[in-house]
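Enquirer: Just the structure for this:
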Amino acid sequence: MAERLDVWGRRAGTLRAKDHVLGMDGLLTSLVHTRRGRPGECVRFVRLAFGGGGRLVAADHRANIYLLDIAGNTFTLVARAPLAITSLCFAERDLVLAGLADSSISALSLDTGAWHPAFSQHATCVHSMTARRGVIASVSVDDAMLWPICNPEQWRCLSGRGAADIKEVFFSPDGAWLFTCFRNDTIVVWDAATLQVYHRFPAPTPPGQPAHLRTFAVSPDGSLLFAAGRTRRLFVWDVCSRALSRAIELPPRALAARSLQAAGAPDGTATMLAALCTDGVVRLIDTTSGALVEEIAAPERGVIDVMQLSSDGRYLAAVATAGLSIYDLPHRIAARRAHAASQRAASAELTAPRPGLRDGQQTGLRDDQQTGLRPVSMETIDRRASDAANNGAASSSAISEGLTTAVSSVSSEAVVEAAATLESQPPGQQRLDPGTLRALLHTYGEFPVKYRPQIWLSLLDLPLNEAAYNALIEQNDPAARARMPDDHGELHRTLCALAAWAPGLTNLPYLPRLIDPFVHIFQHSPLQCFEAAAAFLANWCQQWFDFAPNPPINILNMIESVLAHHDAALHAHFSRHMITAQHYAWPLLQTLFSGVLTAADRAVLVDNVVCEQPAYLLMAVVAFNVHNRIALCRATSHEAIKLFFVEESASSIGAIIHLARQLDRDTPAPIHPGSHLRPYQALTRGQYPPLAVPTSSVDHERVIAWQLQAEDHAWRERQVLLRTHHARPDAAGGLAFISSIRRAWDTRARIARVSSPG
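Expert: Below is the predicted model:
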């Protein structure tokens, strides 16, 4: 395995040592960019683009752009963009186009490192670009543009309405064809030179569900078009014959493909298709036979987020948690095939019958050596069956069967393994693999309603400390219970347990609405309900209670910084109407979106929140504002904007979740909330960790009492002064007025003394 190369603080260097020997995995180099003063934390690479001659451009989330010359074994820090980078594309050998967070496109010279504005006609951020023969096709969520790089003023806008909205526009590698895909999955092929329609491919109709195409690729010669959506099928069209030629089935573990890249096979005999699947594994597929050639997984059991294949099919760049890895595909495929051939030869030699042995004689090998399976006695099988019956395997089997039915569109080994895991757990404590659950969520957007308790239990890794919970319930604090809402249901029981765990929570008036989703999901298990609410408060509510019961100013400042970075126009609109984060963020946070989303949509949002790190909740707040920016910008009064965040709106929860993930990925580290919040930490087993919630309301009452005492003392001095200088009959009215004020202050002072703990 190649050694890691840390590029922190280095502007240039070599990618690998001269004596480096490629291993069987074909890993050429692995780049990481550590963060200064934070061991173990790295700057993430977010965008990749291959040019000719094995030149790779990589951009990280701090907008640093590196040029990696794989053939020349060098890397260079070329420049740093002024804003976050949303897309990359080679326009010429030494010219790279970069889509920026302000919706503009800038050109970067790799020779000089100079930036030049190139195009600024898009309304939203550009997410993909292709360049062929001096013409650029750039696509954002709202529009698609064609423009010549030598004269950007001669641009053309491609648009549609409703189901005909354009989803993607791209050129074929040879520049002969222009492809446009619409939201109804219709694909139109144009002659790139004349912009005349060549053919219209109707939407594929796989059995069971719509295709929902979202990623595309074209063979190097432009003869084959590949597309994938939310199914395990990869569709292949023959452009010359104008027909859907075949559908390639992904392996069972791959629920769908997130990204496709096509290139010539290393042996030059066929087209090779690289598919980044939802399980974070890149699969290389021979498009002629449909056979799986190779699987490439991230090192250290990570998940690949971004991949890019060179046009000649020799190099594959993959971004995972561990950094940027570059593979030599011909070497890897040849080495793996040679290793598999040697293993088959060794196995054949071991299992071949020895000369002179008759049928029925022993070969000298045990059963487990011959078949690869370990023999199990009937006594062991009976004992395992008895244990399963005692542990309530019947109910677990029903749960796993229902889970598989609820996601019937996913006929994969991942779901089968997840369901099988349930069968080995006692009822009410079924645990599922978090990685499998995240893959399901990223594919379908939400979890099955019936099995949310088991899924949230697994994701939150609840310890189920029954003894510690019973000890909290036995605590009797009448004052804390009196401050809780008068509700004798599960909500009241959970609030009382939280008050015993952290007494300062009783001073938070928004607590009932904040934990309501967990009370609803775990309403049949008081222990799980309490622990889910406690885990949420301890992780997703970090730094909330520093100013309790007032809004958390530090958290609101983080949200405001992210909003100003990604949508400066909306932030300026808020500023003009005196709207702060206390108006557009705090109402969403303290109610967990219950005021603006339906109960079903809020459950879907919490599905995604508990699957991600605590910073994702803040990104969801920003995403809600950006998603509703048109309605918010049309509101021209302070009260109208404030009212928008307390009334239910017709927002698309799927769009908000997708946008929140994009913001989480593209926000620079200095303003990313994840840089200031610790990662998720499950509740400890045995005893619950303490939650520091200061009793701010009591301290606030004491401050009020001190203020009243100071004002009372000032009034007494003023009264003495008036009596001394105005001891005349005409001062009687003034003295009567002062006496009435004194009586009012006496009343306020008595109230303060009663409220003050001292």
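
Enquirer: Now Arg250. Nearest residue, chain neighbours left out?
Expert: Slight slip there: residue 250 is Leu, not Arg. Using Cβ to Cβ, 6 or more residues apart in numbering and skipping residues adjacent in sequence, the residue nearest Leu250 is Arg232, 4.3 Å away. Placement of C-beta: from N, CA and C, glycine included.

Enquirer: Run a quick neighbour tally on that neighbour.
Expert: Number of residues near Arg232 (other Cβ atoms under 10 Å) recorded here: 24.

Enquirer: Tell me the spacing between it and Pro251.
Expert: For Arg232, the distance to Pro251 (Cβ to Cβ, to the nearest Å) stands at 8 Å.

Enquirer: mind listing the strands in the stretch 401-550 of the chain by residue range?
Expert: With strands called from DSSP state E, counting those that start in this stretch, the stretch 401-550 of the chain shows none.

Enquirer: In it, where is pLDDT below threshold?
Expert: The stretch 401-550 of the chain contains residues with pLDDT under 70 at 401-431, 476-488.

Enquirer: who touches Ile656 in this structure?
Expert: When contacts are counted by Cβ atoms under 8 Å, 6 or more residues apart in numbering, Ile656 touches Leu605, Ala620, Ala623, Phe624, His627.

Enquirer: Which of the residues you listed sits closest to Gly72?
Expert: Ranked by distance to Gly72 (Cβ to Cβ), the contacts of Ile656 are led by Ala623 at 41.5 Å.

Enquirer: The residue most central in space within the chain sits in which helix or strand?
Expert: In the chain, the centroid-proximal residue (Cα atoms, centre = their mean) is Arg661; its distance is 4.1 Å. In the assignment (DSSP states H and E), Arg661 maps to helix 653-666.

Enquirer: Extract the C-alpha trace of that helix and format it as PDB.
Expert: C-alpha atoms of helix 653-666 as PDB (Å, rounded to 0.1, in the frame of the first residue of the first chain):
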ATOM      1  CA  ILE A 653     -38.700  18.200   2.400                       C
ATOM      2  CA  GLY A 654     -36.700  16.200  -0.200                       C
ATOM      3  CA  ALA A 655     -35.300  19.400  -1.800                       C
ATOM      4  CA  ILE A 656     -34.400  20.800   1.600                       C
ATOM      5  CA  ILE A 657     -32.500  17.600   2.600                       C
ATOM      6  CA  HIS A 658     -30.600  17.500  -0.700                       C
ATOM      7  CA  LEU A 659     -29.700  21.100  -0.300                       C
ATOM      8  CA  ALA A 660     -28.600  20.700   3.300                       C
ATOM      9  CA  ARG A 661     -26.200  17.900   2.200                       C
ATOM     10  CA  GLN A 662     -24.800  20.100  -0.600                       C
ATOM     11  CA  LEU A 663     -24.200  23.000   1.900                       C
ATOM     12  CA  ASP A 664     -22.600  20.600   4.400                       C
ATOM     13  CA  ARG A 665     -20.200  19.400   1.600                       C
ATOM     14  CA  ASP A 666     -19.400  22.800   0.100                       C
END
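
Enquirer: for that helix, what is the average pLDDT?
Expert: Helix 653-666 carries an average pLDDT of 89.

Enquirer: buried stuff in it?
Expert: Across helix 653-666, burial judged by 16 or more other Cβ atoms under 10 Å covers Ile653, Ile656, Ile657, His658, Leu659, Ala660, Arg661, Gln662, Leu663, Asp664, Arg665, Asp666.

Enquirer: Then stretch 182-201?
Expert: Using 16+ other Cβ under 10 Å as the test for burial, stretch 182-201 gives Phe182, Asp185, Thr186, Ile187, Val188, Val189, Trp190, Ala192, Tyr198, Phe201.

Enquirer: Let me see the backbone angles for the residue nearest to Ser637 when sequence neighbours are not counted.
Expert: Nearest non-adjacent residue to Ser637, counting by Cβ to Cβ, 6+ apart: His577, 7.1 Å away. Backbone torsions for His577, taken as degrees, to the nearest 10, come to phi -100, psi 20.

Enquirer: can you check the one 5 residues further on too?
Expert: Here the main-chain torsion angles of Gln582 (degrees, to the nearest 10) amount to phi -70, psi -20.

Enquirer: Now for it: which residues touch it?
Expert: Applying Cβ under 8 Å, 6+ apart to Gln582 gives the contacts Pro551, Leu556.

Enquirer: distance of it from Ser649?
Expert: The value you get for Gln582 to Ser649, if Cβ to Cβ is used, is 19 Å.

Enquirer: before we move on, what about Thr287?
Expert: In this view, Thr287 and Ser649 are 45 Å apart by Cβ to Cβ.

Enquirer: still on that earlier bit, among the contacts of Ile656, which are in helices?
Expert: Among these, DSSP state H puts Leu605, Ala620, Ala623, Phe624, His627 in helices.

Enquirer: in terms of contact, does the last one touch Ile657 like I think?
Expert: Pointing back at His627 there. No - counting by Cβ atoms under 8 Å, no contact exists between His627 and Ile657, whose distance comes to 9.9 Å.

Enquirer: List of residues touching stretch 123-139?
Expert: Here stretch 123-139 makes contact (Cβ under 8 Å, 6+ apart) with 86-91, 97, 99-101, 103, 105, 119, 122, 140-150, 166, 168-175, 178, 192.

Enquirer: hmm, try it at 6 Å
Expert: The contact list for stretch 123-139 (Cβ atoms under 6 Å, 6 or more residues apart in numbering) reads 86-87, 89, 91, 97, 99, 103, 140-142, 145-149, 168-171, 175.

Enquirer: How about stretch 328-348?
Expert: With Cβ under 6 Å, 6+ apart as the test, stretch 328-348 has contacts from Leu22, Met24, Gly26, Leu28, Pro266, Glu294, Leu316.

Enquirer: and with 8 Å instead?
Expert: With Cβ under 8 Å, 6+ apart, stretch 328-348 has contacts from 22-28, 266-267, 284, 293-294, 296, 313-316.

Enquirer: Report the buried residues of it.
Expert: Residues of stretch 328-348 classed as buried: Asp328, Leu329, Pro330, His331, Arg332, Ile333, Ala335, Arg336 (neighbour count, 16+ other Cβ under 10 Å).

Enquirer: can you check stretch 448-461 too?
Expert: Applying 16+ other Cβ under 10 Å to stretch 448-461 flags Pro448, Tyr451, Arg452, Pro453, Gln454, Ile455, Trp456, Leu457, Ser458, Leu459, Leu460 as buried.

Enquirer: about what we covered before: from the contacts of stretch 123-139, which ones fall inside strands?
Expert: 86-87, 89, 91, 97, 99, 140, 145-148, 168-171 (DSSP state E).

Enquirer: The stretch 251-400 of the chain: strands as residue ranges?
Expert: Under the criterion DSSP E, counting those that start in this stretch, strands of the stretch 251-400 of the chain are mapped to 257-264, 271-277, 282-286, 292-296, 306-309, 315-320, 323-328.

Enquirer: Given the shortest one, what are its sheet partners and their directions?
Expert: As defined by DSSP bridges, the strand partners of strand 306-309 come to strand 315-320 (antiparallel).

Enquirer: hey, C-alpha coordinates of the strand it pairs with in PDB?
Expert: Extracted C-alpha coordinates of strand 315-320, given in PDB (Å, rounded to 0.1, in the frame of the first residue of the first chain):
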ATOM      1  CA  TYR A 315      -6.200   6.200 -13.700                       C
ATOM      2  CA  LEU A 316      -9.000   6.300 -11.200                       C
ATOM      3  CA  ALA A 317      -9.100   9.100  -8.600                       C
ATOM      4  CA  ALA A 318     -11.300   8.500  -5.600                       C
ATOM      5  CA  VAL A 319     -12.100  10.800  -2.600                       C
ATOM      6  CA  ALA A 320     -12.900   9.200   0.700                       C
END
